[in-house]
Each structure stands twice: as C-alpha cells, then as structure tokens.
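Visitor: Fold the following for me, if possible:
(2 chains)
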Protein chains: 2
Amino acid sequence: MSLERIGLTQLKDKVISAQDAARLIQNNMIIGMSGFTRAGEAKAIPLALIDQAAQHPLKITLVTGASLGNDLDKKLTEQGVLARRIPFQVDSTLRKAINQGQVMFIDQHLSETVEQMRHQTLEKPDLAIIEAVAITDDGLIIPTTSVGNSASFIEFAEKILIEINTSVSTDFEGIHDIYIPSQRPSRAPIPLTDIQQRIGTRGIPFDADKVVGIVFNHTSDSPSNITEPDADTQAIADHLIHFFKDEVRAGRLPEDLGPLQAGIGSIANAVLSGFKTSGFHDLKMYSEVLQDSAFELIDAGVMTFASGCSMTLSKACGERVFNHLDNYKDKFVLRPQEISNHPEIIRRLGIISINTALEFDIYGNVNSTHVGGTKMMNGIGGSGDFARNAHLAIFVTKSIAKQGNISSVVPMVSHVDHTEHDTDIFVTEQGLADLRGLAPRERAAVIIQHCVHPDYQASIFDYFTRACEKGGHTPHLLQEAIDWHINFEKYGSMKI
Amino acid sequence: MSLERIGLTQLKDKVISAQDAARLIQNNMIIGMSGFTRAGEAKAIPLALIDQAAQHPLKITLVTGASLGNDLDKKLTEQGVLARRIPFQVDSTLRKAINQGQVMFIDQHLSETVEQMRHQTLEKPDLAIIEAVAITDDGLIIPTTSVGNSASFIEFAEKILIEINTSVSTDFEGIHDIYIPSQRPSRAPIPLTDIQQRIGTRGIPFDADKVVGIVFNHTSDSPSNITEPDADTQAIADHLIHFFKDEVRAGRLPEDLGPLQAGIGSIANAVLSGFKTSGFHDLKMYSEVLQDSAFELIDAGVMTFASGCSMTLSKACGERVFNHLDNYKDKFVLRPQEISNHPEIIRRLGIISINTALEFDIYGNVNSTHVGGTKMMNGIGGSGDFARNAHLAIFVTKSIAKQGNISSVVPMVSHVDHTEHDTDIFVTEQGLADLRGLAPRERAAVIIQHCVHPDYQASIFDYFTRACEKGGHTPHLLQEAIDWHINFEKYGSMKI
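Guide: Numbers count the residues shown, from 1 in each chain, chains lettered A, B, ... in the order given. Below you'll find the model as predicted:
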C-alpha cells in the first residue's frame, strides 16, 4: 500500500481489499470500467469478481472504453459473468460467446457511449471501477495509461471504486487533459482548435462521497501484440507515403499533412512507422490509441506531438517511454475518448484517418467487423468516428487473406460499417485507389486496377463489366455478388 | 428590369441577357449553381444554355445545393448537357440517365460538398450561377428561397453570374444568416449554440470584380408536390408522437423535445403535421428543408422557430408565407447547407432526426438510395449528416410497397446508407421499434414484432429463427437474405 497516493485525507480510510470491493458488485448491475485497448483497465477487482462468481454466479453489463488487457474479457466470459458488453472487444473467447448469442454485444462508435448515457439513450452505470495513478489532494483522480470513458463513468455512476496501480509512476500526473461536454441544451462549443491545446483539468473531478472503496494493484498493462511490418505492410506504407508526397506537391495537403489518425493493429502501425524514413517532419497525431509507432516517430524527431485517449505499447517501447516520461511529457496528451473521437473536433481539424478494413467492395463500402456478414470480429471501434468526419478517410488492408482463399476486395461487402459516402482512399499492397470525386462506376475501375490481387483481378473485372451491361448507378449482379461470400462459407475459398 | 435591385453602382452596367450569360458556359466547365429541393435555383440561364446546347453541344459538371425545380435536371439531361451531377437529384429522366451510366452522379452528404471543395478533395467551380433577390449597396448578395451551397460557390468560383428573381419580394432580406467555416488549419468553433442564433451576415459577401453578368428572371420556384397524409402516414405520425410523449414522461426528453429535423417527402411532412394536434408546444426545428408542415406548426402556435437551408412549399402555403413574410420573419432563418447539416452543430444541439427509409433490415441498417442494391432513386441527401450525429436517429417508411410485393423490412438491405451503429428508432404504420442499447439479435426481435407487415411477419420471423440457430452476432443466411431481392427482381414480388 502506498497511502501517499491518496491525497484527499477523507479517503485514506476507504482502502479495502479487492475481494471486499468485488462483493459490492451485484447481479444485473451496469459496471462502467476504465480500460482502452489493453491500457489502464481495473485489474484486481475484476479478478476478484471472477473468483467470487465461481461460488456465487452473477451477470453484469460491462461498459468500458474499449478492449481490455490481462485476459479479463476472456476470464469474465469463461466464468459466465457477462450478460452484456459495450462498446468494443477483441478477445477470442468473448467473440465466440458473442457469436453464439450468449453475450449481447453493443458495437458502438466509441465517441458515443457516454454521450448516450448522458442523455439517457443508454443506461448509466450503477458502479464505476476506475484505475488511477493517484488521487490528488485537490480532489482529482489521475488516470493511468488510458482515459477512455472514465471521466464520464465517474460523473454518472452512483458509486465509485478506485484501483490505484502502484506499478505506474506518479509522473503520469500532467499527461491527461479532462474535458467533458456539458448537458444539452446549453452546450458550448468544444474549444479545442489545436491538437496540443489543453482545454480541461489534469485529472478527473469527482464526488468523494460516492467513493465506496479504494483498492491497490501493482499489475502492469498487457503489452501490445503488434506483429512486425512485413513486405505487404511495407508496400502499403510506401504507396501511402508516395500519395501524401504527391498531394503536398499538388498543393492539396500542407507539408506537415495535418493531424493524422491511425487505427489499432499491425497494418496501421506499420504505415505510421513508414513515416520514419519518409522525409516528412513536423507530423502531428490526433488519434485514439497511441501505439509504438507514435513514440518511434517522436523519438525520430519526425512527429512533434500526439494526442490520444490511451497508450498501448509493446514491452520494449513501454519501458523506454514509461521510464523516461520526462522526455515525452510535453509531446503527448491523453484525453477522454469522447474528445479524441469527437465529430466536432475531427471535422474542424481536418484529420487524415487511416483505418484497417476487413474487406471493401469495388464501390467503396467497407466491412470492418463481420466475417461473412454474420460473425463479429472485434467491433467498429473509433473507425466510424474518424472516417465519417475526416478530411481524408483512408482504409488499408492486404489484398488477400487465408492463403489467398479470401479476396479482401469483393463485388459487394457482406456487411457495411463505412458507406461509399464516407471513404476516400483505399490501399492494399497492390496499390492505391483514389476515389475522391468519383461516381460508383469510376470508383470500381480504379479499385480493380490498383487494389485487387492478381489472382482475383480478372474475375472481379469480369463481374463489373457484366454488371455494367445490366445497368444501374451501382451495377450489381446480386446472386454473383453474394456467391463470393457463400463460396467461402461453403468451400473455404472465393476462388470456386 | 428592376435596376433598383442592384445596390452596388459598379454592377448596374453588368446586366446582360440570359443568352449572353449562357454563352459564358464552356464545354467541360464545373458550374456551381444555386438551388435546393426546388427552391432558389437559377432559372433563366440554364434554360438559355439548354437552347444553345441544341446548336452547340457541350458537357458540364453541375454542382448544386440539392435537387432543382422547373424541370431543369430533366431538360439538361434530355439535351445531353450533364456529364457529372453533384450532390443530389430527384428527377426521373436524370435518374434514368444515371442508372444507364450516361451521367456520373456523385451522391454526397450535403454538408460535405463545399467542405471538399474548400480543401480540394473536389474541384472548385469555374463559374457560379446564383439566384438572388437583390444585391445590396453594402455589397451583399441576398439569396432567394434557398441558401444551399451558394455562399461557398460564390467564394470559390472564378466568375459569378447572378440571376435576380423579381418574382421574389425584397422582404426576403433579413431572412438569411450566412456563415462560412474558415480554411483549416486555423478554424474556429462554429459559434452556434441555439437554433435562433444569428452568427453571420444577412447576405453573401462577394468580390464584385468576379461578376461577369447579371440576368433578370421573373419565374417562381416549382411548388412542392407533397401528397396529402393518408391512413398509413397518419399511423406513423401517431406512433411517433406516442413515443415522444412516453419519452417526456420518462424524463428522457425535455417537454419541447429539443430541435427536430425532418427529411423531405410526404411521410416526414405528414409526421410533422401530426404535431399540430399533439399537445406539444414550443417546438423548434433545426432542419434542412422547411416544408409546409413547418409553417403549419408555426401558424398553429405549436412551433416557435425553424432553421433550415431552403423552403419548399406547396402553392397554397407559399402564397400564405411569401405574401405575409412580416408575420414569419422572426420565426425562421435560412442558413448555408453546410451549417444546417453540420456534424458539429447536429451533435452539439442534440437533434431528433426523422428521415424516410427506402428499406431497412431486421438489424437496423437502412437503404435510402438504391432499389435492389443497384438502381439509384434520389440520393442520400442530408439524412446521413443528421442521422450520424443526431441525439435520436429515427427512420420512417410504410411497411410495404408496390401493392405489397415489396416488404420495406427485409433480412438484409441491398445497399447500406445508414449503418446499424447509427440508427435508433424505426417506425412503420404497424408500430415503432426502439433499438436503443440493443444488440443485433434483440433489435431483430423488436423490429419483427413492431414494424413488419403481417403479410411478411411469419416468413421474416422464420428467417431470423433459423439464422440464429446457425449463429453469429448478426445471424444471416446469405442465400436466403439475397433471395428476397432476387425474387423481386425476377418475379416482381418478395412473396415468392
């Protein structure tokens, strides 16, 4: 225990065990918990809850920022604790339960969860469980490696449990900027006009009377599991950087490109890493998760500032950053996900958003979530928040998957997360398709030429040609379009 | 001619004939023209252009606010003048040409066209042709019945043609509020926090040196062709008003509901008209098009203020409003469509958006544009701008079409314009489905119970049940799902 991390004297006697804290969680409760893409989730209390549920089964609705580390979603699922899960996950065990209809998953734009709670479109949490570095003597909760939805959960919940993580340095104080939009109808504009700007407080204000327990933990975040760039992701990065250089030359982008957003995952991370040796400098990031690549670019002197709502780093990168926070403190900020992903800010700043597609179609629609239109992978995450309001909405993916049995470019996607109205640029290792200002038939020609894998190019071009003969603004042969997905489902390959 | 409508002395000698003006339009030009849903389009110059094109064929890209009146899209299409059309249309002749691939149509969110031009994602117009009431002596162009994209077209175009419509009263001065977001990266928040607020100028500022001609016309806007409410649209209105009352009782909506948006067309108009006798009062509208219903509600003392970007009225309503503008001047405002539809404002104000679906599926995805996934009807218009950022995104439609051969509720829509992530409430004459906070399987149960026509209820429930047995977060049987559309295409009915 490190009682000096509890600055507010009146809270020093609130320290309890994780077991006692977990006993405050009752059947059918809505729990608002910290945690965003393996960063900053509460750790001790959920584990104690899982233990107790083995004896005394219960079901909860778990609302977080995004996905959790330390296998919490897996363990909670295995113990049957999750009735409902909101708004994002990436765990294979939970995914299976979702797809079997055992856990009701509400897959949301990540800027919207707390907005919906604020205005009662979604129920408010009964209890907030928030990981913190410390509670300051002036009454602020200092979050750890993510802000996520924590600030609003603390405001909305009737009761608050705080987990102080002593493995995270108190140097984290000063990294966060907490701003919460006010209740409508008298909401003011969000005053953020520059990614470096601080518009809120350095910690989360809270009502100390709502705190029903403080628990200590000393467990690290799970490190990110990003795979190294390969030839394909390098090719994607190269196409994109080539495009950006052309845009700057043509005067359509400024030399610093404007604020960049990159989705989670290996491809987007590789694309960002590609900027290291690109010749670009003074880059800025206004994104959701700060991955290794953000700090690599800062280290390389190529990126001057990064704004996010969480930091999800590999072990090596985490050690470098967390042990030398002073080197980075003036170069990044963590905000609530409602602000990092807010349509008002995304549109105002003119973000270039780079997200990964599961598949896209020849007319520019993107599937980010559903395999075969049916099975959930992870969730839409922030990709919709960004793509919908971005200056340039870029989607990247490898052109094939499953040893070539899947073409990531299909005549018609099996599920739509981003519509043709919202996408601008597609990149695979084959090349880059620039769809700006094009009608659907023109988009198809460009996508087929630049993005489709050679193994599928002839058949998809043949589809498009015959569909055009039949006519339509967005020409389709419905049976053939769906056969691409049915063939994979039935025979394991789209090549049949 | 009414030269007194040209306040700026230096422009009085710019008056030319429509024929001379049309001769300034050259092959391959991009024309930015006023006009939004039959309101305020330039009238004399396009007609002169059509005449001239019969002798001297040419092709142009025509960018407007939205659809045009006076059959301009029809006549321009028949004369083969349109190479490209942006961002919306509703004309059956143009629609046919689009679906045959003869006119390239770029179907856009209506808040985005001029934003894309400003930042060179879309090319800027060579020439702006803008209908006006007058040019003031302090250098402002006063638009007529729509603002649409006119203010930005005037800013961006190299040359400007102005059509002064003497059939529109000069009393229109003072009705508009012109605010244009600044160029990034130093863009300020849009200061609008109340629908009645005026944040700009009463007319469009412009560079008088760019004016290459002023033409007079005396032609009225085409009146709207809204059909009267019928039993079905009345039932839809009743369901919705019942829902709103419940929401107010539950404390989830304020007594005045908050600002309303309603899409164009007969169903949304009927829904709004339904408020007249609902007992609600102090209603406010922050919408795109102001239709008859808005002014009916103002006349009935039920609505206190309406903000839009155009007014599209029936002949009778138009006579009432246009001849007594003084009675209405403090009760409505017309803004640029970029502001009426801006995500920043929609999210801030917490709009309740009501738009018409062509079809929707049991999981909450909406098709607003494509018949059978292929043929364009009109375009997405502003429905995406509103639904994506609204407090409540409501979609309405009759449960069947084509004498019952089409079910408007299907297992899987054939085209997606609004994703499951963005929709909250669905209403047909059968009932209302409230999807807030529900997972896909839960949504399906509610939609099937409340919205599907009895003729289709058993078969769609059977589909859903068997799909659930197969599994998935969003359970689908791909072949059967697409068969609903294929059956209609092949046999003229989904009942096969």
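Visitor: On the pLDDT front, check residue A:315 for me.
Guide: With respect to pLDDT, residue A:315 has a value of 94.
Visitor: go on, residue A:264?
Guide: For residue A:264, the model assigns a pLDDT of 86.
Visitor: measure it to residue A:276 for me?
Guide: 19 Å (C-beta to C-beta, to the nearest Å). C-beta here means a position set from N, CA and C on the backbone, and glycine is covered the same way.
Visitor: One more: residue A:231?
Guide: On the measure of C-beta to C-beta, residue A:231 and residue A:276 end up 17 Å apart.
Visitor: Those two: which is more packed in?
Guide: residue A:276 (16 against 8; other C-beta atoms under 10 Å in any protein chain shown).
Visitor: you'd agree the more buried one is in a strand?
Guide: No: counting by DSSP: H, G, I helix; E, B strand; the rest coil, one finds residue A:276 to be helix, located in no strand.
Visitor: who touches it in this structure?
Guide: A:296-297, A:300, A:302 (C-beta atoms under 8 Å, 6 or more residues apart in numbering or on different chains).
Visitor: can you check residue A:395 too?
Guide: Counting by C-beta under 8 Å, 6+ apart, residue A:395 has contacts A:354-357, A:360, A:366, A:387, A:418, A:423, A:425-427.
Visitor: again, but for residue A:344
Guide: Residue A:344 neighbours (C-beta under 8 Å, 6+ apart): A:189-190, B:189, B:343-344, B:347-348.
Visitor: Closest to residue B:90 out of those?
Guide: Lowest distance from residue B:90 to those (C-beta to C-beta) belongs to residue B:343, with 24.0 Å.
Visitor: Name the SS class of residue A:393, please.
Guide: Residue A:393 ends up strand, using three-state DSSP.
Visitor: What strand or helix carries the closest residue to it other than its chain neighbours?
Guide: Nearest residue to residue A:393 in three dimensions, chain neighbours excluded: residue A:387, at 3.9 Å (C-beta to C-beta, 6 or more residues apart in numbering or on different chains). Taking DSSP states H and E as the criterion, residue A:387 maps to helix A:383-389.
Visitor: Quick one: list the elements packing against that helix.
Guide: helix A:343-349, strand A:352-356, strand A:392-396 (3 or more C-beta pairs under 8 Å, 6 or more residues apart in numbering or on different chains; DSSP states H and E).
Visitor: got a list of what residue A:271 touches?
Guide: Contacts of residue A:271 by C-beta under 8 Å, 6+ apart are A:233, A:236-237, A:240, A:262, A:354, A:396.
Visitor: Could you list which of the residues you listed belong to helices?
Guide: A:233, A:236-237, A:240 (DSSP state H).
Visitor: Buried subset of the residues you listed, written for ChimeraX?
Guide: To isolate the buried ones among those in ChimeraX, judged by 16 or more other C-beta atoms under 10 Å in any protein chain shown, type:
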select /A:233,236,237,240
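Visitor: Report the two of the ones in helices among the contacts of residue A:271 separated the most.
Guide: A:233 and A:240 (10.6 Å).
Visitor: could you list every residue that touches residue A:331?
Guide: Contacts of residue A:331 (C-beta under 8 Å, 6+ apart): A:298, A:303-306.
Visitor: let me fix that: residue A:295
Guide: Here residue A:295 is in contact with A:306, A:313, A:317, A:320-321, A:328 (C-beta under 8 Å, 6+ apart).
Visitor: Secondary structure element holding it?
Guide: Going by DSSP H and E, residue A:295 is in helix A:292-299.
Visitor: Helix or strand next in line after that helix, which one?
Guide: strand A:303-308.
Visitor: starting at the chain centroid, how far to the following helix or strand past that following strand?
Guide: Where DSSP H and E defines the elements, the next helix or strand beyond strand A:303-308 is strand A:310-311. Mean C-alpha position of strand A:310-311 versus that of the full chain (C-alpha atoms, centre = their mean, to the nearest Å) differs by 10 Å.
Visitor: Need the contact partners of strand A:310-311.
Guide: So strand A:310-311 is contacted by A:36-37, A:39-40, A:65-66, A:145-148, A:288-291, A:321, A:332, A:334, A:337 (C-beta under 8 Å, 6+ apart).
Visitor: how about a cut-off of 6 Å?
Guide: Under the contact criterion C-beta atoms under 6 Å, 6 or more residues apart in numbering or on different chains, strand A:310-311 has outside partners A:36-37, A:39, A:145-146, A:289-290.
Visitor: Can you give me the neighbour number for the closest residue to residue A:217 other than its chain neighbours?
Guide: Leaving aside its sequence neighbours, residue A:217 sits nearest to residue A:44 (C-beta to C-beta, 6+ apart; 4.1 Å). The local packing of residue A:44 (other C-beta under 10 Å) involves 23 other residues.
Visitor: gap between residue A:44 and residue A:32?
Guide: On the measure of C-beta to C-beta, residue A:44 and residue A:32 end up 17 Å apart.
Visitor: got any ranges where chain A has weak pLDDT?
Guide: A:1 (pLDDT under 70).
Visitor: Kindly state the domain boundaries assigned to it.
Guide: A:9-217, A:231-491 (the TED database).
Visitor: between these, which gets nearest to residue B:166?
Guide: domain A:231-491 (36.3 Å).
Visitor: ok, residue A:27 - contacts?
Guide: Counting by C-beta under 6 Å, 6+ apart, residue A:27 has contacts residue A:58.
Visitor: Quickly note the distance from it to residue A:446.
Guide: Residue A:27 is 54 Å from residue A:446, where distance means C-beta to C-beta.
Visitor: repeat for residue A:361
Guide: Taken as C-beta to C-beta, the span from residue A:361 to residue A:446 is 13 Å.
Visitor: Quick check on those two: which one has the bigger neighbour count.
Guide: Each of residue A:361 and residue A:446 has its neighbours counted (other C-beta under 10 Å); residue A:361 has more, 26 against 18.
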